[in-house]
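Asker: Give the three-dimensional model of this entry:
(2 chains)
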Amino acid sequence: MLLKNARQRWIGFGVTIVILIVLMSISIVYGYTNTTWQISFNAFTNFDGSTEHIVIRTVRLPRALIAAAVGASLAIAGVLMQALTKNPLSSPDILGVNAGAALTVVIAITIFGVSNLQLFTWVSFIGAAIAAISVYMIGSVGRDGLTPMKLTLAGAAMTAMIASLTQGLLVSNEALLDQVLFWLAGSVAGRSLDNLVAVLPYLVLGWVLAQLVSGKMNVFSMGEDVAKGLGLNTAILKITIGIIIVLLAGGSVAVAGPIGFIGIVIPHVTRFIVGIDHRWLIPYAALNGAILLIAADIASRYILMPQEVPVGVMTAIIGTPFFIYIARKGFNKG
Amino acid sequence: MKHYKSLRLFKERFSVLVDNKAMMKTLTLFLLTIAVFVISTGLGEMTIHPLNVLKVFFGGGTDLEQLVVQSFRLPRIIIALLVGMGLAVSGAILQGMIRNPLASPDILGITGGATVAVVGFLAVFSDKNQALTVSISWLPLAAFIGATIVALLVYLLAWNNGVSPIRFVLIGIGIMSLMKALTTMMLILGPIYKASQANLWITGSVSSSTWKNVAVLGPWTILFLVIAFVYARNINIQELGDDVATGLGGSVQRQRFTLLMISTALIGSSVAFAGGIGFVGLMAPHIARRLVGSNFGSLLPASALVGAILVMIADLIGRTLFSPLEIPAGVFTATIGAPYFIYLLYKTRNTSK
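Answerer: Now for the predicted structure:
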């Protein structure tokens, strides 16, 4: 780990927050519509209704905030899942939680014509919960319990299955395909603040709960038997973690679609920075996740300018080499 | 040893142990395949009695029946048959090679590679009027190249003093996610017209098959099926585990690579003509295994037949049940495949590694 004692970690924490704020400002200032720092500043202090000001207030600001919130949520969900399953490759996307949420949202749109934002969020939670529970159960049946290999395969197969069902729903509906394609790839563009406000309470609840259980997570990661011996009620802890994961992953999918690889890259990077103490790991992971997603979002605007690449594609391109690296080294040791 | 008959040909270069019971079952499956083939040809907008279908096959029947059967139905049903066989056999090979019952081309990213290539092909070779600038008959080649590149990539990345099945699967999963992302990106950047066309293809459908497709896919699939059957005994050894296989004198890594290539050739061509018809490569070998046991000499033919039946039935349902609307066959294989898959995960809970 890079930061060894509490003092270094507090300083590091401050630096990370500064980086996050700088990136958010860059995200607000730079993009397809030409704006400067001065214009952006004025957009908030004395709004004059010009195009630039409107773009900044209704497009860029929500975008930056959503990217930050979603990035943080997915990263925390990743940390929790990896600790819960003791599998270095666990993350909401690999284990099918994101795909499950996406499927139920597509079902809600195609079959029930839902357009209410609150309802959207709940539908997304249901999908995430069903997928998470099924993958966990399928991965842990059998004699040797929850092995990383079984869990990962169960997740991948579940994702494949859910994806083909989603695809099937979209085949018969071209107009809808156009509408949800960008969302399905995972994107933080084109959302209003209302989208964020609809899920923010759940996300914040998830963040707070995650921080509250972080001490217990440390005990839990010593192994279930040890944790029980030390007087920890592991059943309740597992259920709590499950609920947090569903809140965070489901909420993220509801606003930004299934964005991959944040949940797998960030926990590893963060462990490298602050070590395995969850009390530090969770807040740091949240900040790093936000930073990564905002950075990816900024890059996605410039790669194929004037067209935008969905940020989910960006994270996949960044994340795959990382995934392969972990897959190559991770499992031989156990 | 009345139960088995051994068959050795070409100075023992080719040998199989024929299980009499499995032989009978395979024969039954074969008859069943023919029955499905004939009945499926008869059903549709215009119903033709199976006997009349047979008549048409041998040159009889009315002109109208001839037209419907030969121009409209036969090509797509033959493609369904070939694709089913190809996917099923490649799935069986992969499962044997990786020694995990949950492996399938869909999960390992090989289908994904073909998908990216096809969507990329549609995006790159179209002009502003949304017309293709090169012949559509190059599409299968693109799909095949895509599948091969991904298979090789996964193989190379999993290489570390040999390829272990676990690394292979994990890296396949990672690559699959990347392929999915790339596909979506190309769909989004292209015009919506292309997107819906490509989406139909991704889901998997045999609806646009022609005799020309049959002429390309037929020989190719049959060639590799034969190679797979001949090579089957090596999979039997691979299934015992790397150590045992090496001890028995098998050149494990070389065989594994050859198996992967055979499997990729079958997947690539199937995906090229019918898109990502999912779960056939997963389901068919399992159904076949329950019927004839896990000896690959009998498993491969049985898988091929089961796969053919599955895809033909999925296509039949897709074009008749909601007529005049056509549902791609891939949707049905996924809806049958999904519950079956969960059942499978439960069944294999103690054996999967």
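Asker: And B:Met43, how far from A:Leu203?
Answerer: For residue B:43 the amino acid is Leu, not Met. 52 Å (Cβ to Cβ, to the nearest Å). For glycine as for every other residue, the C-beta is placed from the backbone atoms N, C-alpha and C.
Asker: So for those two, which sits in the more crowded spot?
Answerer: For B:Leu43 and A:Leu203, the more surrounded residue by other Cβ atoms under 10 Å in any protein chain shown is A:Leu203, and the numbers stand at 23 against 16.
Asker: just checking, what packs against whichever helix or strand that one is part of?
Answerer: Here A:Leu203 sits within helix A:193-220, counting by DSSP states H and E. Packing partners of helix A:193-220 (3 or more Cβ pairs under 8 Å, 6 or more residues apart in numbering or on different chains; DSSP states H and E): helix A:61-85, helix A:117-140, helix A:224-229, helix A:234-256, helix A:278-302.
Asker: tell me how far the third one is from the chain's mean position?
Answerer: Okay, so that is helix A:224-229. In this view, helix A:224-229 has its centroid 30 Å away from the chain centroid, taken as Cα atoms, centre = their mean, to the nearest Å.
Asker: what's that helix in contact with?
Answerer: For helix A:224-229, contacts defined as Cβ atoms under 8 Å, 6 or more residues apart in numbering or on different chains pick out A:219-220, A:234, A:237.
Asker: mean confidence score for stretch A:102-110?
Answerer: Mean pLDDT, computed over stretch A:102-110, is 86.
Asker: Then stretch B:141-151?
Answerer: The model assigns stretch B:141-151 a mean pLDDT of 86.
Asker: quick one: that stretch to chain centroid distance?
Answerer: 14 Å.
Asker: Buried residues, that stretch. List them.
Answerer: B:142-151 (16 or more other Cβ atoms under 10 Å in any protein chain shown).
Asker: for chain A, which spans come out with low pLDDT?
Answerer: A:142-144, A:172, A:174-175, A:330-334 (pLDDT under 70).
Asker: Please apply the same query to the stretch 101-250 of chain B.
Answerer: In the stretch 101-250 of chain B, residues with pLDDT under 70: B:102, B:126-137, B:162, B:190-197, B:200, B:250.
Asker: and the gap between whichever residue of it sits closest to chain A and A:Gly49?
Answerer: Using Cβ to the nearest Cβ, the closest approach of the stretch 101-250 of chain B to chain A is made by B:Ala181 at 3.4 Å. Taking Cβ to Cβ as the measure, B:Ala181 falls 38 Å from A:Gly49.
Asker: So for the two, which sits in the more crowded spot?
Answerer: Using other Cβ under 10 Å, the more surrounded residue of B:Ala181 and A:Gly49 is B:Ala181, with 27 against 7.
Asker: Find the residue closest to that one in space, skipping its chain neighbours.
Answerer: A:Ala316 (3.4 Å; Cβ to Cβ, 6 or more residues apart in numbering or on different chains).
Asker: Does the one you found touch B:Thr184 like I think?
Answerer: No - A:Ala316 is beyond contact range of B:Thr184, at 9.0 Å (criterion: Cβ atoms under 8 Å).
Asker: Who has more neighbours out of these two?
Answerer: For A:Ala316 versus B:Thr184, the count of surrounding residues by other Cβ under 10 Å is larger for A:Ala316: 27 against 24.
Asker: Could you pull up the contacting residues of the more buried one?
Answerer: Counting by Cβ under 8 Å, 6+ apart, A:Ala316 has contacts A:260-261, B:177-178, B:180-182.
Asker: any idea which helix or strand carries it?
Answerer: Applying DSSP H and E, one finds A:Ala316 within helix A:311-330.
Asker: how about that helix: buried residues?
Answerer: A:311-320, A:322-324, A:326-328, A:330.
Asker: tell me the centre residue of the chain?
Answerer: Defaulting to chain A. When chain A is reduced to its mean C-alpha position, the nearest residue by Cα atoms, centre = their mean turns out to be A:Leu74, at 2.0 Å.
Asker: ah, I was thinking of chain B
Answerer: Closest-to-mean residue, chain B, Cα atoms, centre = their mean: B:Leu87 / 1.1 Å.
Asker: Would you confirm that that one contacts B:Leu266?
Answerer: Yes - taking Cβ under 8 Å as the definition, B:Leu87 is a contact partner of B:Leu266 at 7.3 Å.
Asker: Skip the chain neighbours and tell me the closest residue to residue 118.
Answerer: Because you didn't say which chain, this covers chain A. A:Ala198 (5.6 Å).
Asker: ah, I was thinking of chain B
Answerer: Using Cβ to Cβ, 6+ apart, the closest residue to B:Val118 is B:Ala143 (5.1 Å).
Asker: that older thread, which ChimeraX command selects the buried ones in the contacts of helix A:224-229?
Answerer: Buried members of the contacts of helix A:224-229, defined by 16+ other Cβ under 10 Å, are picked up in ChimeraX with:
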select /A:219,220,237
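Asker: Helix or strand: which one has B:Ser6?
Answerer: With DSSP H and E as the test, B:Ser6 turns up in strand B:4-9.
Asker: same check, this time on B:Gly44
Answerer: Counting by DSSP H and E, B:Gly44 is part of no helix or strand.
Asker: Count the residues that sit near it.
Answerer: 16.
Asker: which residues does it contact?
Answerer: Going by Cβ under 8 Å, 6+ apart, the list of residues near B:Gly44 reads B:68, B:72-73, B:319-320, B:323.
Asker: The same query, at a cut-off of 7 Å, please.
Answerer: B:73, B:319-320 (Cβ atoms under 7 Å, 6 or more residues apart in numbering or on different chains).
Asker: So for B:Met1, what pLDDT did the model give?
Answerer: Residue-level pLDDT assigned to B:Met1 equals 44.
Asker: Can you tell me the closest non-neighbouring residue to B:Thr184?
Answerer: Per Cβ to Cβ, 6+ apart, closest to B:Thr184 is A:Ala185, 4.0 Å.
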